[in-house]
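Participant: Model the structure of this input:
(one chain, ligands or ions: 1)
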Amino acid sequence: MDSEVGRLRAVILHRPGAELKRLTPRNNDKLLFDGIPWVGRAQEEHDAFAEALRSHGVDVLYVTELLQEALEYQSAREEAIAGVLTDARLGDRLRGVVASYLGDLDTETLAHALIAGIAHEELKSGHGLVYELMGRHDFIIDPLPNLLFTRDSSAWIGDRVAVTSLAMPARERETALTRLIYAHHPRFAGVRTLYEPDLEHVEGGDILLLAPGVIAVGTGERTTPAGVERLARRVFDAGLAHTVLAVPIAQERATMHLDTICTMVDVDTVVMYPAIAHSLTANTVTTLDGDLRITPAQPFLRAAAAAMGVDRLKVIDTGLDPVTAEREQWDDGNNTLAVAPRLAVAYERNIETNAQLEAAGVEVIRIKGSELGSGRGGPRCMSCPIERAPLLGS
Ligand SMILES: NC(=O)NCCC[C@H](N)C(=O)O
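Facilitator: Here you go, the predicted model:
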């Protein structure tokens with residue numbers, strides 16, 4: 001994978017399921033959802049998203065199926081269960097009960113428990129002090145509603161996969177599952193990892209492959225400066241890039257990842273939240289004799305163009321009034337998924353942004369997202385491309 005826009009061949013999605021049914025007004029903030037989605041409708045919207053990709057020749061793989069297939073291997077099964085049992089909240093007695101409960105599950109039900117979690121009432125009473133003291137609404141294993149956003153829990157750079165290190169406690173366990181899939185599923189046999197979850201925080205939504213050899217990494221609420229530094233070293237050591245742009249973004253929910261404000265729609269074109277298009281900065285990071293070389297901050301667009309070797313990185317000027325721009329940014333208008341150069345999937349609700357994309361010559365594949373969007377993520381967030389036609393040499 002050397003770009004954001006080479007023809008998309010294969011992608012990992014997660015069809016939302018029972019884990020979304022765990023969301024209540026009591027826990028949705030902690031679980032990083034802004035509302036309580038209508039699950040059936042969210043599934044319909046997601047199925048239409050997957051179908052839109054398939055109809056453009058994309059091979060769609062699902063997390064649940066990959067996980068179930070990986071769990072067929074005894075070592076994967078043991079690793080998955082052991083991972084859950086490290087939760088210090090369980091205590092020894094309940095840990096033993098959970099271990100034997102999970103150990104008895106068939107593969108499908110185990111995958112379900114790992115994704116949807118286990119509610120208090122699902123383990124019958126009589127399990128000791130911790131169980132007695134837990135609240136009725138507490139989870140014994142937390143659900144993973146944000147698994148929907150497969151972009152964040154792994155990201156491919158070149159021929160390697162970065163299993164990321166997620167910053168928010170509600171998402172931490174997602175990478176135990178992606179790591180398991182990449183380590184055990186035969187489809188990924190021989191794939192080398194570029195990053196691991198126990199390293200400094202890096203999330204896939206912050207990683208943008210601007211051009212072959214050039215990677216922008218946002219740093220804000222999720223990816224830390226130390227994460228950018230570590231990732232830069234890793235990609236340089238692996239020979240996967242010559243330049244990394246470290247891009248500070250506001251530490252706010254609206255701009256939780258770089259891809260909430262900027263995504264690529266062509267080899268030299270981005271769609272970008274107008275309010276920050278000209279204030280965004282970047283430090284250019286390169287390597288010399290094994291050391292990192294860092295330039296002072298400069299405008300992102302200038303730094304990107306220089307690194308990419310183009311005169312300028314074109315920004316589709318959405319020309320929107322500030323209120324419309326702010327509304328559509330919040331609703332992931334800038335979070336597009338390129339299927340090929342000048343062909344991108346976007347939420348239909350962002351009428352103005354989509355109109356401007358089309359006026360600029362980008363074909364927009366519109367999908368519904370009223371329910372999917374309640375987790376604050378768009379088509380790019382909901383997809384982890386694992387194969388694109390290379391730009392280099394194409
Ligand atoms: N790349 C992205 O921007 N992903 C969206 C993640 C949304 C999720 N509810 C979160 O807060 O992490």
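Participant: interface residues of the stretch 151-300 of the chain facing the ligand?
Facilitator: Residues of the stretch 151-300 of the chain lying near the ligand by CB under 6 Å from any ligand atom: 151, 152, 168, 171, 205, 256, 257, 259, 260. All C-beta spots, glycine's among them, are computed from the backbone N, C-alpha and C.
Participant: which regions of the stretch 201-350 of the chain lie under the pLDDT threshold?
Facilitator: Residue ranges of the stretch 201-350 of the chain with pLDDT under 70: 319.
Participant: Which residue would be the closest one in it to the ligand?
Facilitator: Of all residues in the stretch 201-350 of the chain, residue 205 sits closest to the ligand, at 2.3 Å by CB to the nearest ligand atom.
Participant: Looking at neighbours, which among the residues of the stretch 151-300 of the chain next to the ligand is most surrounded?
Facilitator: Neighbour counts for those (other CB atoms under 10 Å) peak at residue 152, which has 32 neighbours.
Participant: Would you confirm that it contacts residue 201?
Facilitator: No: at 10.9 Å, residue 152 does not count as touching residue 201 under the criterion of CB atoms under 8 Å.
Participant: which residues are common contacts for these two?
Facilitator: Listed as contacting both residue 152 and residue 201 by CB atoms under 8 Å, 6 or more residues apart in numbering are 166, 222.
Participant: any idea which element whichever residue of the stretch 1-150 of the chain sits closest to the ligand lies in?
Facilitator: Scanning the stretch 1-150 of the chain for the residue nearest the ligand gives residue 32, at 3.6 Å (criterion: CB to the nearest ligand atom). For residue 32, there is no helix or strand it lies in under DSSP states H and E.
Participant: This structure - how does it break down into domains?
Facilitator: Domain assignment for the chain by automatic domain parsing gives 8-64+144-388, 67-141.
Participant: ends of the last one, how far apart?
Facilitator: Read it as domain 67-141. One end of domain 67-141 sits 17 Å from the other (CA to CA, to the nearest Å).
Participant: same question for it, mean pLDDT?
Facilitator: What domain 67-141 shows for mean pLDDT is 93.
Participant: Make TSV from the residues of the stretch 151-300 of the chain next to the ligand and add secondary structure to it.
Facilitator: Shown next, in TSV, are these (DSSP: H, G, I helix; E, B strand; the rest coil):
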residue	secondary structure
151	helix
152	helix
168	coil
171	helix
205	helix
256	coil
257	coil
259	helix
260	helix
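Participant: packing partners for the longest strand belonging to the chain?
Facilitator: With secondary structure taken from DSSP state E, the chain has its longest strand at strand 281-288. On a contact count with 3 or more CB pairs under 8 Å, 6 or more residues apart in numbering; DSSP states H and E, strand 281-288 meets helix 225-237, strand 243-248, strand 291-294, strand 298-299, helix 300-308.
Participant: tilt between that strand and helix 300-308?
Facilitator: Interaxial angle of strand 281-288 relative to helix 300-308 (axes from the mean of the first three to the mean of the last three CA atoms, to 10 degrees): 20 degrees.
Participant: in its sheet, what does strand 281-288 sit against?
Facilitator: Neighbouring strands of strand 281-288 in its sheet, by DSSP bridges, are strand 243-248 (antiparallel), strand 291-294 (antiparallel), strand 298-299 (antiparallel).
Participant: Reformat the ones you listed as TSV; add mean neighbour count.
Facilitator: Shown next, in TSV, are those (neighbours: other CB atoms under 10 Å):
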stretch	mean neighbour count
strand 243-248	24
strand 291-294	12
strand 298-299	14
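Participant: Please enumerate the helices of the chain.
Facilitator: Using DSSP state H, the helices of the chain run over 39-54, 63-71, 74-85, 91-103, 107-116, 129-133, 150-153, 174-184, 225-237, 274-277, 300-308, 322-330, 351-359.
Participant: Could you look over those and pick the most buried one?
Facilitator: Most buried of these, by mean neighbour count (mean count of other CB atoms under 10 Å): helix 150-153, with a mean of 30.
Participant: hmm, back to that, which one, of the helices and strands packed on strand 281-288, ends up nearest to residue 79?
Facilitator: Nearest of the helices and strands packed on strand 281-288 to residue 79, taken as CB to CB: helix 225-237 at 23.0 Å.
Participant: who's in contact with the closest one?
Facilitator: 157-158, 162, 165, 194-195, 199-202, 207, 215, 217, 219, 241-242, 244, 246, 285, 287, 292.
Participant: How far off centre is it?
Facilitator: Put simply, helix 225-237 sits 18 Å off its chain's centre (CA atoms, centre = their mean, to the nearest Å).
Participant: What residues does the stretch 1-150 of the chain have near the ligand?
Facilitator: 32, 146, 149.
Participant: Test my guess that the last one contacts residue 380.
Facilitator: No: checked against CB under 8 Å, the pair residue 149 and residue 380 is beyond contact range at 9.3 Å.
Participant: Pull up the overlap in contacts between those two.
Facilitator: Counting by CB under 8 Å, 6+ apart, the shared contacts of residue 149 and residue 380 are residue 205.
Participant: Any figure for the gap between the closest residue to residue 254 other than its chain neighbours and residue 34?
Facilitator: Here the nearest residue to residue 254 in space, its sequence neighbours aside, is residue 330; by CB to CB, 6 or more residues apart in numbering that works out to 5.8 Å. Using CB to CB, to the nearest Å, residue 330 is found at 9 Å from residue 34.
Participant: Mutual contacts of these two, please.
Facilitator: Jointly contacting residue 330 and residue 34 under the rule CB under 8 Å, 6+ apart are residue 376.
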